[in-house]
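*Asks:* Provide a 3D model corresponding to the input given below.
(chains A, B and C)
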Amino acid sequence: MAVNWLARLAAAAPAPVFTCIGPGIQAAVERLCLSPALDRVATPRAAAILLVAGEIPDHAQEALDRVHDQVPHPRQTFRWDGTGDPEPALRDLWRDLAAGGDTETDRRPDAPPNDWCGVGPHGQGGKGMMGGTPYGRPMAMTADDPRDGLALDAYTARLGPFVPMLPPGLVLEVTLQGDVIVSAEVRAAPFAQPDDASAPDFCAARMLRLVGLPRDADRVARGARLRAITALRAIPEGLGRHDGQDARGRLAGWLAGERGPEAAPALATLLPGLEWSEAMLVINSFSPATLAHVAISKEDA
Amino acid sequence: MILLLALALVVTLLGGVLVGGWLDRVVAGRGAGPLRAAAALAVRGSVRTEAPDDLLQRLAPILYLALAAVGLSVVPFAPGAALVESPVGIVIWGSCEALTIIAVFLHGWSPNAPFPLIGAYRYVAIALPVMLPSMFVLIAAALPAESLSLSAIVESQRDIWNVVRQPLGLPLFVMVGLTLTLRGPMDYADAADMAGGTSAEEGGGARLAWEIARLAMLVSVSAVAAAVFLGGPLGPVLPGPVWLWFKTAAVMALIVLAGTSVTRTTPSRMLGLIWTIVLPLSFLHLGIAGVLAL
Amino acid sequence: MILALVLFAVWSGWRVFVVDSMVRASFSLLASFVAVGGAGVLMSASYIGVATVFMMAVEMMVMAIFMVAFMMNPAGLNPMSMVHQNRLSMAAGALAFLGLSAAVLTADLPDRPVPPETRVVFDLGLELLGPSMLIFETAGVTLLATMVGAVVLSSQQGRFGSADEGSRPPGLTENGEPAGRVPDESGGHHMHHGGHGDHGGDVDGASDHGQGHDHGGHHHGHAAKGDPS
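*Replies:* Just a heads-up that it's a prediction; the model follows:
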């Protein structure tokens, strides 16, 4: 059987897992994902197994359901409370899924959140060729740019709480022009994590993953030395200065085994004006323990 | 003869994709081999995003793969024997490079989602200026050959390889290769800081097609580098194609290694580096090559 | 073969005006140019044909980026019409067609085939760096100067500080009067850049046009299928 043969070949590959991390379990999940039997994928669409670790608070349940529905069929949710070694169970689950095993149905309706209310001959709505609100979604319109005065389209989106490059639980509402952040509001603080998530090795590994060094991130998370070149110099000097130290300095501190600063940064003032990758570096240059105290922006009208 | 060369091209691409997948696994130190990884993607489905541009979404990996094949077609497998023996071989390859940017942009544009779109924007901003050093490096290699044909460039390296004669060429071209194959320090399209960028909304078969196309482009760009800097099919005892394969594999390993061991900086900084350091450097390279060729 | 390429060029050129997305329109135009380049290669103009593909790929890419950057038009979500100023365009199109047709009909076009052993690239190089050098170099330098000038004029970062704050050069003597022209306060002031504080609602885009107020759910709506929240 050709299908059988393909399934067996696939089952020998690492299990593609997307992780949704709850409070208090971040370090355990990151340690688990160092295993060569698991492939921690960056997006639910590339996963087969949704690993839900810990108790997800109620306010994040809706987001969890959305992530769940983005995992392609056949899919399974695996809940883990941080005890025991879930690797054999995950491997069995992946073998079943690779062979086309049972799947889970959608938890939310797969429909636009609003009805079509466009106007005009092409339904584009808006003035002239621009704008409009198809399915209740306002199209991006040009707005002033904080950097060079080019009035590009501004686009507002809410990110989190399970985006892999943000700390679990953190919900950011950002307005972007291209990849420049015009404004950023914190809508929910990261879930509280015990001290082990803020261990220097793990903090450094998260940053190294962002700058395209997954192999070195694994090494550093296991306690080995960094091998890649220009890891520190690649991070611009003076980026995300807080308490007299920039992101590069904080990474250097972690690589030297020091714990990061304790005073929480004001992300809403630190992020605007930065490009996307700079902003991600800045956020990840603070440990989970620091970010847990981040100020939540007031919901404005 | 044409049939034989077409067969050689297909074999090179297929074999090269497998070797590339294997190199990725060896250098990364984890993950699955090429066949297992491909099977793991093939058994999974994919979820449609809301209102994607279906036509362009399908077209993007096909275009990427086709460009890799066209690019490889101008590379001679034996002295004077390329599938497309054109007097403007390196210009054809240059067109493939430029169109690759479009394939990647379409891949990020079509899912109708923020991360892929940002990835597409960023990639275009970085890859367009990288085309300039690429052109200068290739023109510099054409100077001693006094021809834009890849076969003539190979022929001009009978006595001394371009990698020795023009030492800056290969490092600069490796940078171009990293850009075209979305790797490591030049991966501004599918990067981890955007949950996979242009691939962030993709899984299953579509992702598999994209990864195969990426590896095929790795084979192509390495084969061109082997022909332009390492004398391509020239070599003692062994037949031409075998030499080309060895050299291509060596360049592939070099690109994969560079991709995992050099850190990616932020896009605006990289843009500054390209315009203020890499571009003048490639200009200097062209100037030296021109004086030497006189 | 040439006929097929030319027909494809015309068809994809026609698609530019029929499709409902700017990206599709841009790349339809590119497909048209690629076909024209292919026809050029078949007519023994190998360098010009391939260079057309190369140049047009880069140009169309830049064009698509700028069109999308200033007029967001997501892939399949919001179709938009690609034609405007129809009457003027029709008149301009007809005029251009007549002019080019007249040029083709009246010009004395060469009809002998190029011998296969001709070194077309070599001859083209001699032409570009010989008799036509002055024309091409003048055009090239003019275009480059235009581009640099456009960037300098549109950049907010002036040589002596931000342009919208009325950047002025330093004085010729220490603490002296700024050198150069005194900036015109009323003309150069950018109305929207009064405060760099909270842009709040007006960058959201929705409040710019009247009908955007009934979409209370849009912030949450974004996250539905499009992003891995």
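
*Asks:* Show me what the strand or helix carrying B:Q57 is packed against.
*Replies:* Element membership of B:Q57, judged by DSSP states H and E, is helix B:54-73. Packing contacts for helix B:54-73, counted by 3 or more C-beta pairs under 8 Å, 6 or more residues apart in numbering or on different chains; DSSP states H and E, involve helix B:2-28, helix B:89-109, helix B:204-229, helix C:22-42. Glycine gets a C-beta too; all of them are placed from N, C-alpha and C.

*Asks:* Can you mark which positions in the following helix or strand past the third one are buried?
*Replies:* Past helix B:204-229, further along toward the C-terminus, the next helix or strand under DSSP H and E is helix B:240-261. Within helix B:240-261, the residues that qualify as buried by neighbour count (16 or more other C-beta atoms under 10 Å in any protein chain shown) are B:240-241, B:243-245, B:247-249, B:251-256, B:258-261.

*Asks:* What mean pLDDT does the helix or strand following helix B:240-261 get?
*Replies:* Sequence-wise, the next helix or strand downstream of helix B:240-261 (DSSP H and E) is helix B:267-273. For helix B:267-273, mean pLDDT rounds to 91.

*Asks:* Next: stretch C:39-54.
*Replies:* Averaging pLDDT along stretch C:39-54 yields 87.

*Asks:* so does that stretch get close to chain B?
*Replies:* Yes - using C-beta under 8 Å from any C-beta of the partner chain, stretch C:39-54 reaches chain B at C:S46, C:Y47, C:V50, C:A51, C:V53, C:F54.

*Asks:* Can you tell me what sits against that stretch?
*Replies:* Stretch C:39-54 is contacted by residues B:86-88, B:91-92, B:94-95, B:98-99, B:148, C:1-2, C:5-6, C:9, C:33-34, C:36-38, C:113-114, C:118, C:120-121, C:124 when judged by C-beta atoms under 8 Å, 6 or more residues apart in numbering or on different chains.

*Asks:* List the buried residues of that stretch.
*Replies:* For stretch C:39-54, by 16+ other C-beta under 10 Å, it's C:39-41, C:45-54.

*Asks:* Quick check: chain neighbours aside, which residue is closest to the spatially most central residue of chain B?
*Replies:* For chain B, the residue sitting closest to the mean C-alpha position, by C-alpha atoms, centre = their mean, is B:V221 at 3.6 Å. Nearest non-adjacent residue to B:V221, counting by C-beta to C-beta, 6 or more residues apart in numbering or on different chains: B:G177, 4.2 Å away.

*Asks:* Angles on the backbone of the one you found, please.
*Replies:* phi -60, psi -40 (degrees, to the nearest 10).

*Asks:* Could you check the pLDDT of the residue lying closest to A:Q177 once chain neighbours are set aside?
*Replies:* Setting aside the residues directly before and after it, A:Q177 is nearest to A:L152 in space (C-beta to C-beta, 6+ apart), at 4.5 Å. For A:L152, the model assigns a pLDDT of 71.

*Asks:* Quick check: A:L152 touching A:D179?
*Replies:* No - A:L152 lies out of contact with A:D179 (C-beta atoms under 8 Å); the separation is 10.5 Å.

*Asks:* Write out the residues of the stretch 201-301 of chain A neighbouring chain B.
*Replies:* Residues of the stretch 201-301 of chain A lying close to chain B (C-beta under 8 Å from any C-beta) are A:209-215, A:218, A:227-231, A:233-236, A:239, A:275-278, A:280-281.

*Asks:* go with 10 Å
*Replies:* A:208-219, A:226-237, A:239, A:274-281, A:284 (C-beta under 10 Å from any C-beta of the partner chain).

*Asks:* Quick check on those: which are buried?
*Replies:* Counted by 16+ other C-beta under 10 Å, these give A:208-219, A:226, A:228, A:231, A:234-236, A:239, A:274-281, A:284 as buried.

*Asks:* for A:V174, helix, strand, or coil?
*Replies:* Secondary structure, DSSP: H, G, I helix; E, B strand; the rest coil: A:V174 is strand.

*Asks:* Quick check: it touching A:L159?
*Replies:* Yes - A:V174 is within contact range of A:L159, at 6.4 Å (criterion: C-beta atoms under 10 Å).

*Asks:* Next, show the common contact partners of these two.
*Replies:* A:A184, B:P114 (C-beta atoms under 10 Å, 6 or more residues apart in numbering or on different chains).

*Asks:* between the two, which one's more packed in?
*Replies:* More neighbours surround A:L159 than the other of A:V174 and A:L159, with 23 against 19 (other C-beta atoms under 10 Å in any protein chain shown).

*Asks:* quick one: contacts for the residue nearest to B:V221?
*Replies:* By C-beta under 10 Å, 6+ apart, the contact set of B:G177 is B:134, B:170, B:183, B:186, B:217-218, B:220-222, B:224-225, B:251-252, B:254-256, B:258-259.

*Asks:* Ok, A:A188 next?
*Replies:* Contacts of A:A188 by C-beta under 10 Å, 6+ apart are A:57, A:59-60, A:63, A:158, A:160-161, A:169-173, A:294, A:296.

*Asks:* Strands - which of those land there?
*Replies:* Using DSSP state E, the members of the contacts of A:A188 that fall in strands are A:R158, A:V171, A:L172, A:E173.

*Asks:* Look at residue 201 and report its pLDDT.
*Replies:* If you meant another chain, say so; for now it's chain A. A:D201 is given a pLDDT of 86.

*Asks:* The chain in question should be chain C.
*Replies:* With respect to pLDDT, C:G201 has a value of 34.

*Asks:* Keep the buried ones among the residues of the stretch 201-301 of chain A next to chain B, but drop any that are not near chain C.
*Replies:* Taking C-beta under 10 Å from any C-beta as the test, chain C is in contact with none of these.

*Asks:* count of residues packed around the closest residue to B:G80 other than its chain neighbours?
*Replies:* Excluding its sequence neighbours, the residue lying closest to B:G80 (C-beta to C-beta, 6+ apart) is B:S151, at 4.9 Å. Counted with other C-beta under 10 Å, residues neighbouring B:S151 total 24.

*Asks:* mind listing what the closest residue to A:S287 other than its chain neighbours touches?
*Replies:* Closest residue to A:S287 apart from its sequence neighbours, by C-beta to C-beta, 6+ apart: A:S198 at 3.8 Å. Counting by C-beta under 10 Å, 6+ apart, A:S198 makes contact with A:26-27, A:254, A:259-260, A:262, A:286-292.

*Asks:* a markdown table please, covering those and showing distance to B:Y123.
*Replies:* Listed next are these as a markdown table, based on distance: C-beta to C-beta, whole Å:
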| residue | distance to B:Y123 |
| --- | --- |
| A:Q26 | 31 |
| A:A27 | 34 |
| A:W254 | 30 |
| A:R259 | 36 |
| A:G260 | 32 |
| A:E262 | 38 |
| A:F286 | 28 |
| A:S287 | 31 |
| A:P288 | 31 |
| A:A289 | 35 |
| A:T290 | 32 |
| A:L291 | 30 |
| A:A292 | 35 |
